[in-house]
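Participant: Predicted model, plus sequence, below.
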Amino acid sequence: MGPGKDHAMKIAALAAALALLSALPAAAATYVVDPARSSVGFSGTNSGEAFTGTFKSWTADIVFDPADLAGSHLKVVFDTASATTGNAMYDGTLPQADWFAVKDYPTASFTSTAITANADGSYTATGKLQIRNVTNEVSFPFTLSLPANGPAEAKASLNLNRVAYGIGVQSDPAGGWVGPYIAVTIDVVATPKP
């Protein structure tokens, strides 16, 4: 076989490989969270009075592509000791054994098992939420802004039954003091990893 023919075959093989690669779906992007512009908050009632708080320390592993939801996933890990309300009494109670029990359970986490698209353009994340070593499946909708230039922003909210995770069940299992449902709000600003 002459050198010219061999060169032509190599070019043809390379072209075929490139065509195959271009036909494959692009890998979902990994996103890096901007902590200064992101927040995870919670709110509830105590003796009928509303309270709000935030987790000051948390990390998120986000891989997302709207064209490849099967390949998309997210995992968020919260430092339970970082929960703060700005109220000295509440902040002194939250770390205790009946509540977040931070010495035994220093983290809580959400790990997605599926992300699906909704007809209105929003998405739904389904996954395992673990708090105090109790794991339950939860689903919640979230909106997503994906500008061509600039960071992406996702917003979500969900209501959690604290009793289902063993939070405050010794001192207030019926929710007569602290309401049984805690609202969680999430606002994440992130950019694709280079």
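Facilitator: Received the coordinates, thanks. Residues are numbered from 1 along each chain as shown.
Participant: where do the strands sit along this structure?
Facilitator: Along the chain, the stretches classed as strands by DSSP state E are 29-33, 39-46, 49-55, 58-64, 73-79, 83-84, 107-117, 123-131, 134-145, 152-161, 181-192.
Participant: Now that we have the ones you listed, can you turn them into TSV and tack on mean pLDDT and mean neighbour count?
Facilitator: Backbone N, C-alpha and C define where each C-beta goes, glycine included. Below are these laid out as TSV (pLDDT from 0 to 100; neighbours: other C-beta atoms under 10 Å):
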stretch	mean pLDDT	mean neighbour count
strand 29-33	97	17
strand 39-46	98	17
strand 49-55	98	15
strand 58-64	98	19
strand 73-79	98	18
strand 83-84	99	18
strand 107-117	99	16
strand 123-131	99	18
strand 134-145	98	14
strand 152-161	98	17
strand 181-192	98	18
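Participant: Of those, which is nearest Phe100?
Facilitator: strand 83-84 (6.4 Å; C-beta to C-beta).
Participant: what does the closest one rub up against?
Facilitator: If you take C-beta atoms under 8 Å, 6 or more residues apart in numbering as the criterion, strand 83-84 is touched by 42, 53-56, 91, 94-95, 100.
Participant: Try it again at 7 Å.
Facilitator: 53-56, 91, 94, 100 (C-beta atoms under 7 Å, 6 or more residues apart in numbering).
Participant: Let me have the strands of the chain in TSV, adding distance to Asp172 as columns.
Facilitator: Listed next are the strands of the chain as TSV, based on distance: least, C-beta to C-beta, whole Å:
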stretch	distance to Asp172
strand 29-33	34
strand 39-46	10
strand 49-55	14
strand 58-64	26
strand 73-79	22
strand 83-84	17
strand 107-117	19
strand 123-131	16
strand 134-145	17
strand 152-161	13
strand 181-192	13
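Participant: need the contact list for Ala60.
Facilitator: Neighbours of Ala60 in contact, by C-beta under 7 Å, 6+ apart: 33, 74, 76, 188.
Participant: The second one contacts Ser112, correct?
Facilitator: Yes. Contact criterion C-beta atoms under 7 Å: Leu74 and Ser112 qualify, at 4.9 Å.
Participant: what do the two both touch?
Facilitator: Ala125.
Participant: rewinding a little: go through the strands of the chain and name the closest to Gly175.
Facilitator: Of all the strands of the chain, strand 181-192 comes closest under C-beta to C-beta, at 8.0 Å.
Participant: Nearest residue to the middle of the chain?
Facilitator: Val76 (4.5 Å; C-alpha atoms, centre = their mean).
Participant: measure Gly150 to Val32 for me?
Facilitator: 14 Å (C-beta to C-beta, to the nearest Å).
Participant: Thr135 now?
Facilitator: Counting by C-beta to C-beta, the gap from Thr135 to Val32 is 27 Å.
Participant: now do Val134
Facilitator: 30 Å.
Participant: Please apply the same query to Phe55.
Facilitator: 18 Å.
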